[in-house]
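Engineer: I'll drop the sequence and a predicted model, then ask my questions.
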There are 2 protein chains.
Amino acid sequence: MILSALLTSVGINLGLCFLFFALYSILRNQPGNIPVYSPRLFSERKAQEEDEFNLERLLPSPGWLKRAWQPSEDELLSITGLDAVVFMRIFIFCVRVFAFACVVGIFVLLPVNFSGDQLTIDFSNLPNKTLESFSISNVNDGSNRLWIHFCAVYVFTVFVCCLLYYEYNYISLKRIDHFYSSKPRSDQFTILVSGIPASAGSSFSQAVDNFFTEYHPSTYLSHTVVRRTSKIQSLVNDAEKLYRTLGRLKSTNSRQRHKREGFFGLFGQKVDLVDHYERKLEDIEDNVRLEQLSLGGEEIPAAFVSFKSRFGAATALHIRQGINPTEWVTERAPEPKDIYWPFFSASFVKRWMFKIVVVVAYIAVTILFLIPVVVVQGLTHLEQLETWLPFLKGVLNLTFVSNLITGYLPSLILQLFLSIVPPIMILFSSMQGSISHSQIEKNACTMLLWFTVWNIFFANVLSGSALSMVNIFLEPKKIPGLLGEVVPAQASFFIAYVVTSGWTSTTSELLRLFPLLYSFVQRLFMGKDDDEDDFEIPSIPYHSEIPRILFFKLLGVTYFFLAPLILPFLLVYCCLGYIIYRNQFLNVYAPKFETGGKFWPIVHNSTIFSLVLMHVIAIGIFGLKKLPLASSLTIPLPILTLVFNAYCRKRFLPIFKAYPTECLIKKDRKDQDDPTMTEFLEKLATAYQDPAMKAARYSRNDDGRSSPLLQGVEV
Amino acid sequence: MILSALLTSVGINLGLCFLFFALYSILRNQPGNIPVYSPRLFSERKAQEEDEFNLERLLPSPGWLKRAWQPSEDELLSITGLDAVVFMRIFIFCVRVFAFACVVGIFVLLPVNFSGDQLTIDFSNLPNKTLESFSISNVNDGSNRLWIHFCAVYVFTVFVCCLLYYEYNYISLKRIDHFYSSKPRSDQFTILVSGIPASAGSSFSQAVDNFFTEYHPSTYLSHTVVRRTSKIQSLVNDAEKLYRTLGRLKSTNSRQRHKREGFFGLFGQKVDLVDHYERKLEDIEDNVRLEQLSLGGEEIPAAFVSFKSRFGAATALHIRQGINPTEWVTERAPEPKDIYWPFFSASFVKRWMFKIVVVVAYIAVTILFLIPVVVVQGLTHLEQLETWLPFLKGVLNLTFVSNLITGYLPSLILQLFLSIVPPIMILFSSMQGSISHSQIEKNACTMLLWFTVWNIFFANVLSGSALSMVNIFLEPKKIPGLLGEVVPAQASFFIAYVVTSGWTSTTSELLRLFPLLYSFVQRLFMGKDDDEDDFEIPSIPYHSEIPRILFFKLLGVTYFFLAPLILPFLLVYCCLGYIIYRNQFLNVYAPKFETGGKFWPIVHNSTIFSLVLMHVIAIGIFGLKKLPLASSLTIPLPILTLVFNAYCRKRFLPIFKAYPTECLIKKDRKDQDDPTMTEFLEKLATAYQDPAMKAARYSRNDDGRSSPLLQGVEV
């Protein structure tokens, strides 16, 4: 790709970004859009709806930027929870890394690269200059200037490791603080016990009660056996659907309320549809109540067991309970609202099979995804496209078209294909049998990260078929050399990718295009306040956002010394992301769950991987550039990095796995003086009831009100 | 190797075995040899020493065989502990596996192999027939008879897996039973805490006390801070040495007791040597006492912390204690007599460095060991030796010499070299920083096992330089084919190895040659009862015995379908081993520690490895034999075996890691009624004192007695 193609792409995307910014600052001022752009405020009814029209509303203003910038981290923590803070720390970390890399890369490495003459370039024509003249490929073979790159690699690694240590430490302290300052939460007092052994005379519920009264007499509080409630759940869903239809019918005029019964609605007597549906709703609700009273679904050998103290729960969690390790298996319980209930409907054998299916499916998707990647790769090499589709030759020879196709289109197509992957990963992750939404998102996050690294980085770089890629990894000796050869060549594609996928996607996140359209359509065709009752504040999809940022970090780290030109673009991306996501957290997203910063270890590990990948490429490229001494001297670097990682795993990772005795007992003691604790412990007994077992009553003859009333049924 | 060479080797070893058997049954009847052949009885003074001479004593008798056979497993358990029972179970397991393999191999596979005509053989001359005609190499390429081998592999794998499951289950139940029936042991109530954070004003002892009183108020009992006692230890050693010298001096006649002081003992006045040494001893003991009173050596940030109940100790062990995961690190405490004290003298940085040194040294030893292996390999290929050393041609052409060299010598030389490896492994393992003798032996056992598999199996089979071996493992695709090609060719060498190393070494274990010689020399030059006071019952070196048996199992499993001729030899070995080690456990060895069967997982894992190795070879050999369908159909087998192993890891391994709540609390409750528990808990406070801190008083002016008196000094 030549410089002008890159500039075309940058231009288009820069334009789009400014357009989005302007549109956002106008649209967010429209009162009708408050549910789209400030759902948090909307749900709290804080936003004053001033319907009077004034001209100011139609002018773009940067005021929201200031408002997004202002809150301190502690304020953000209290508003959005620790996970959001950790998410923002990723941007802060990246900004720091890329700022340092930019200084070294642009002021030291870039001049060195540019002054080389390994690649023969026509100096008179700068716009047509290929971007490769800014990369390490342009440095002469065997030149001593490569030692500058060598030093840069060492200095950069040390800098990143120090920063990693600092951040890990910072976030683990935040996690502990957050635990100390948190209100009593049901998941801190509860564990999930599975593999309850079946005994002849007694139910699972009795077995759990006997076991924990016997072995944890002083701390055991209560338990809730999990039931297979898919049948009730579907009945409840039916009831809910009917209730909605009823609501809509009532709000429309009475003409549509009557319908002829009988053949195609043409014959038979007229009936009141509302009456008809209400009778049906009552029927279903009777069924639900019957099912619930007959003790709901079949008991499955798993139960949520609650304890009187956090330390009591930890004791039962960490020490194996039964003699047979496959019985009385304990697991941390998630928050009640975080539980993924469908998980419990599947039997254990089913889940075991699903796990294997998921692995196979994950591999299949990863391999099939190579097809669009290869097509995209074809676009960047325009000559290849011309040979494939000769009739396009005329069009392709236009400079703008050619620039558009090589510079903008490939990453756009890749972007579109990539957008369908996160839902697939969530599906895979939930099939794997996680018991909570947070765990599902965490697993999906890891899966998507490796998917991205493999399919975007390696597939683009190696640009071969899947088979040849696998073959390479069977010959470990050749990897550094090969990577050193092919990675620098793809620098220009990745710069374009950063601009398209990074800049524009992040800015479009601000605009929330789909919710905006949805809300617009809804307002156009339905009543405005129709959905206020079941209005739900959206939550940020960590599983798709985190891998994207981490992938850009990987690009920045690996290309730092190969093609420093990518770094300013990445720095801009991180700054954009920082301010935009801050705004979104403050206005749009509400946390669906609270993991207490458990996403950070993924960030740490991926950074270590990026560093080691950079080292491997450095070993390869110094070898190719005929500086074998530098190549050998780089070998200790990945080893030292991995030793550093081993230390960090020992020093910080346990903090993210479980809270220590010290914290648990301190917190328990503090709670002893709290008068609300008795009330909390009473509530704990019913906190882990399946939502399907709590009767949702919609029918009007219940208590006059026609709104859903959640009412727990004691089991 | 031809059949006659094998027969020579078998003949020699069979002769040696019978000789050893006869010698043993005579020697053990000599009263003077009781400390050598029945040290257990000797120490219990049960053996009546009948000094009168009768002829029966000089005749070999098989009576001891019957006595070794008789005791039931429960009796063995009560006499020798669970570890010895587990050790004997290895033999039982092997006998079962090889008995089944023998039936299938000899009656089904051997005739099939022999009836093939892939190898052109001169049928008229059976003694010169190469052993390969009994192996799978002789089956015709592409022959459908190979499906018999294919079925045998499947059936054998299923059989071994069932047996593995049964044994794992059996031993884990034994382990739980053993725990229930055990007396209270200090290690059940104690944990080792390291990484105690240093605080300004207080000592480590105070810090431990404060921490555990704060967080485990109801269960914390006492603690003992570990000290760096290498200085005191050396003083105590000096005192001990002096005491021995004194004892010897006193027992000899008074002429030698006087020595001239001064130049070369020629001038100066005569002094009483006994007086002189006694004064010196007193001096040293004063020093020891002084050191002990000044609170001994420097405190190190580690302590043994004891609890009032087993469950209390488990709670502190399994839940992380401090916020910083590198502080308050908890670890299971070994039994007091099992502690490896020198470990505590090294600082943590030193130990970290030692670990790296050990890894490097282990690799170096493993590679250097290839030299003798290659030499040994040269001997089996006689032609090669002739080209190396042409002047030996005349001698080598003699049939007997050639048979001796190819059949007997190689495995003998290998055996000699191998005998120096276990002490090296123990050294490595103790340098790695294990805190107990049992852990050191367990680590050494694993290290030695892989050393043996690599150096005896792979080095012999691949018979190349270390570099070419490493290269092979970098190309995983080629491994099955290569193994399929080279493994069957080495069958004859391994048969000879089984006969030499298995039969003769095991029988010589019975004879206890070195202790016999030592005892003989001692009786000849010194008084007979001299060493009664510090007589120590030997303990079995698990780290060298277990890997040997496991290696034979690996040979049996891998060669089962390749060269079934090896199986009868292995079966004989296992039967020999079973009866001989039973005899040794009953008469010779006393347990030095009790791990509760923790060696079994090593046995299980090595068996799974053997099975998978066999499958890989099968995949390779079916491919080479032009039966690609069988080759592909074998691929699921290793996968299923690994799935089976994954299940076993989940089902049984946790039982060998820690005892569950159920057991701990049941056992604790049983103890509540035991009146001796208060006494036991009192003793617990001082149980973990460094032996160097317990003053050993030897000097006579202490209490008149001149025997060592162990007397604890309260710290």
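Structural biologist: Okay, I see it. Numbering: from 1, shown residues only, chains lettered A, B, ... in the order given.
Engineer: Please, where are all the strands along chain A?
Structural biologist: All strands of chain A, identified by DSSP state E, fall at A:190-194, A:220-228, A:258-260, A:270-272, A:298-307, A:329-332, A:694-697, A:709-712.
Engineer: For the first one, buried residues please.
Structural biologist: Meaning strand A:190-194. A:190-194 (16 or more other Cβ atoms under 10 Å in any protein chain shown). Any C-beta I mention is one placed from the backbone N, CA and C, and that applies to glycine too.
Engineer: quick one: which of these is nearest to A:P488?
Structural biologist: When those are compared for distance to A:P488 (Cβ to Cβ), A:L192 wins out at 50.0 Å.
Engineer: show me the contacts for the residue of the stretch 101-250 of chain A found nearest chain B.
Structural biologist: Chain B sits closest to A:Y215 of the stretch 101-250 of chain A, with a gap of 5.2 Å, by Cβ to the nearest Cβ. When contacts are counted by Cβ atoms under 8 Å, 6 or more residues apart in numbering or on different chains, A:Y215 touches A:321, B:661-662, B:665.
Engineer: Helices - which of the residues you listed land there?
Structural biologist: The helices, defined by DSSP state H, take in B:661-662, B:665 from the contacts of A:Y215.
Engineer: So for the residue nearest to A:F417 when sequence neighbours are not counted, what's the pLDDT?
Structural biologist: Nearest residue to A:F417, sequence neighbours excluded (Cβ to Cβ, 6 or more residues apart in numbering or on different chains): A:P372, at 4.5 Å. Among the per-residue scores, A:P372 shows a pLDDT of 74.
Engineer: same question, the one 5 residues further on
Structural biologist: The confidence metric pLDDT takes the value 66 at A:Q377.
Engineer: And the one 5 residues further on, by the same measure?
Structural biologist: Note on A:L382: pLDDT of 62.
Engineer: A:F311 too?
Structural biologist: On the pLDDT scale, A:F311 gets 92.
Engineer: With adjacent residues omitted, what lies nearest to it?
Structural biologist: For A:F311, the spatially nearest residue (Cβ to Cβ, 6+ apart) is A:L664, at 4.5 Å.
Engineer: And for that neighbour, the neighbour number?
Structural biologist: Neighbourhood size, A:L664 [other Cβ atoms under 10 Å in any protein chain shown]: 23.
Engineer: For the closest residue to A:F304 other than its chain neighbours, give me its contacts.
Structural biologist: Closest residue to A:F304 apart from its sequence neighbours, by Cβ to Cβ, 6+ apart: A:Y688 at 3.8 Å. Residues near A:Y688 by Cβ under 8 Å, 6+ apart: A:186, A:190, A:224, A:304, A:306, A:333, A:336, A:339.
Engineer: make it 7 Å
Structural biologist: A:190, A:224, A:304, A:336 (Cβ atoms under 7 Å, 6 or more residues apart in numbering or on different chains).
Engineer: so which of those is the most crowded?
Structural biologist: Of those, with other Cβ under 10 Å as the count, A:T190 tops at 28 neighbours.
Engineer: For A:F369, give me its contacts.
Structural biologist: Applying Cβ under 7 Å, 6+ apart, the residues near A:F369 are A:N455.
Engineer: Distance of it relative to A:N455?
Structural biologist: 5 Å (Cβ to Cβ, to the nearest Å).
Engineer: next one: A:I339
Structural biologist: Where A:N455 is concerned, A:I339 sits at a distance of 32 Å (Cβ to Cβ).
Engineer: And for A:A68?
Structural biologist: 33 Å.
Engineer: Of these two, give the one with the bigger neighbour count.
Structural biologist: A count of neighbours by other Cβ under 10 Å puts A:N455 above the other of A:A68 and A:N455, at 22 against 18.
Engineer: shouldn't the more buried one be in contact with A:T366?
Structural biologist: Yes: in terms of Cβ atoms under 7 Å, A:N455 counts as a neighbour of A:T366; the distance is 6.4 Å.
Engineer: Any idea how many residues pack against A:L517?
Structural biologist: A:L517 - counted by other Cβ under 10 Å - has 11 other residues nearby.
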